[in-house]
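**Student:** Predicted model follows, preceded by the sequence.
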Amino acid sequence: APSDVEQVTLGGGGVLEALEPGSLLIDCTTSTPSLAQRVAAAAAGKGVLALDAPVSGGDVGAEAASLSIMCGGSDEAMGGSGYLLDLLGSRVLHMGRAGAGQHTKMCNQILAANNMLGVCESLRYASAAGLDADAVVRAVGAGAAGSWAMNNLGHKVVANDFAPGFMIEHMAKDLGIAVSEAERLGLELPGLANARRLYDALLAAGHGRDGTQALVLALDSPTNPA
């Protein structure tokens, strides 16, 4: 949670307190853009460089060191981080000043949540229509409607396999941040609002430690997912 990040980085006995001038602080968690800006400002006051660098690619990308890493911070901080981040990801992009990495991650999570909803709806439709849902995953996954979610999680949806790669409790946290940021920017994003509602319902029903593909349970029983 952002409060944990704040305590670990800015709190008494935290990371920033222990760093020497000239050090580089890289935060790969998903947190709020405003906290990333505060961390960068506090770091600068100590002569420390800071980079908010959240990642995307799931457990599959982490294991293969093929994550997408979206970075916010100064050019100097970005320049000093490349050799480290290249060990973790296949695409490392500088998105702008402090907080820009976290804003980009919100774009990612809005899309990921809506993609997962589309996968679940599509495969429930396939089953209701009497199709081989695994064959549907293979068919549409190779076409224009294919996505990371369909190709990596579609078969798990079909099998009701909810073992986590990325947990619902983390997605619910991220969507809460995205909703707050969208409101601050004066945006109405109905897809985001709906995805947050469904994930929050699953969290309340005790599915926080399940993978995000368990979203299909909210479609099976939208008012009370079991």
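**Tutor:** Noted; the coordinates are in hand.

**Student:** Tell me the pLDDT of the closest residue to H170 other than its chain neighbours.
**Tutor:** Residue nearest to H170 in three dimensions, not counting chain neighbours: T30, with 7.7 Å by C-beta to C-beta, 6 or more residues apart in numbering. C-beta coordinates here come from the backbone N, C-alpha and C atoms, glycine included. We have a pLDDT of 93 for T30.

**Student:** now swap in G61 and tell me
**Tutor:** 87.

**Student:** Can you show me the CA trace of the host helix or strand of it as PDB?
**Tutor:** Assigned by DSSP states H and E, G61 belongs to helix 58-64. C-alpha atoms of helix 58-64 as PDB (Å, rounded to 0.1, in the frame of the first residue of the first chain):
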ATOM      1  CA  GLY A  58       3.100 -10.400 -14.200                       C
ATOM      2  CA  ASP A  59       4.900 -13.300 -12.700                       C
ATOM      3  CA  VAL A  60       5.700 -14.600 -16.200                       C
ATOM      4  CA  GLY A  61       7.500 -11.400 -17.100                       C
ATOM      5  CA  ALA A  62       9.300 -11.300 -13.800                       C
ATOM      6  CA  GLU A  63      10.600 -14.900 -14.200                       C
ATOM      7  CA  ALA A  64      11.700 -14.200 -17.800                       C
END
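
**Student:** Off-centre distance for that helix?
**Tutor:** Relative to its chain's centre, helix 58-64 lies at 13 Å (C-alpha atoms, centre = their mean, to the nearest Å).

**Student:** Summarise which helices and strands the helix or strand that that helix is followed by is packed against.
**Tutor:** Using DSSP H and E, the helix or strand that follows helix 58-64 towards the C-terminus is strand 67-73. Other elements packing on strand 67-73 under the criterion 3 or more C-beta pairs under 8 Å, 6 or more residues apart in numbering; DSSP states H and E are helix 33-45, strand 49-52, strand 55-56, helix 75-85, strand 89-96, helix 100-128.

**Student:** Name the next helix or strand downstream of the last one, please.
**Tutor:** Beyond helix 100-128 in the direction of the C-terminus, DSSP H and E gives the next helix or strand as helix 133-141.

**Student:** Pull the distance from the following helix or strand past that next one to the chain's centre.
**Tutor:** Sequence order places helix 148-158 as the next helix or strand after helix 133-141, per DSSP H and E. In this view, helix 148-158 has its centroid 17 Å away from the chain centroid, taken as C-alpha atoms, centre = their mean.

**Student:** between helix 148-158 and helix 133-141, how many degrees?
**Tutor:** In terms of direction (axes from the mean of the first three to the mean of the last three C-alpha atoms, to 10 degrees), helix 148-158 departs from helix 133-141 by 170 degrees.

**Student:** So which bits of helix 148-158 are buried?
**Tutor:** W148, A149, M150, N152, L153, G154, H155, K156, V157, V158 (16 or more other C-beta atoms under 10 Å).

**Student:** how much space between the fourth one and S68?
**Tutor:** Right, N152. To S68, N152 is 14 Å away according to C-beta to C-beta, to the nearest Å.

**Student:** remind me which residues of the protein are low pLDDT?
**Tutor:** Along the chain, the model assigns pLDDT under 70 to residues 222-226.

**Student:** centroid residue for it?
**Tutor:** Q109 (4.8 Å; C-alpha atoms, centre = their mean).

**Student:** Please report the distance of the nearest residue to it once chain neighbours are set aside from D200.
**Tutor:** Leaving aside its sequence neighbours, Q109 sits nearest to D174 (C-beta to C-beta, 6+ apart; 4.5 Å). D174 sits 12 Å away from D200, going by C-beta to C-beta.
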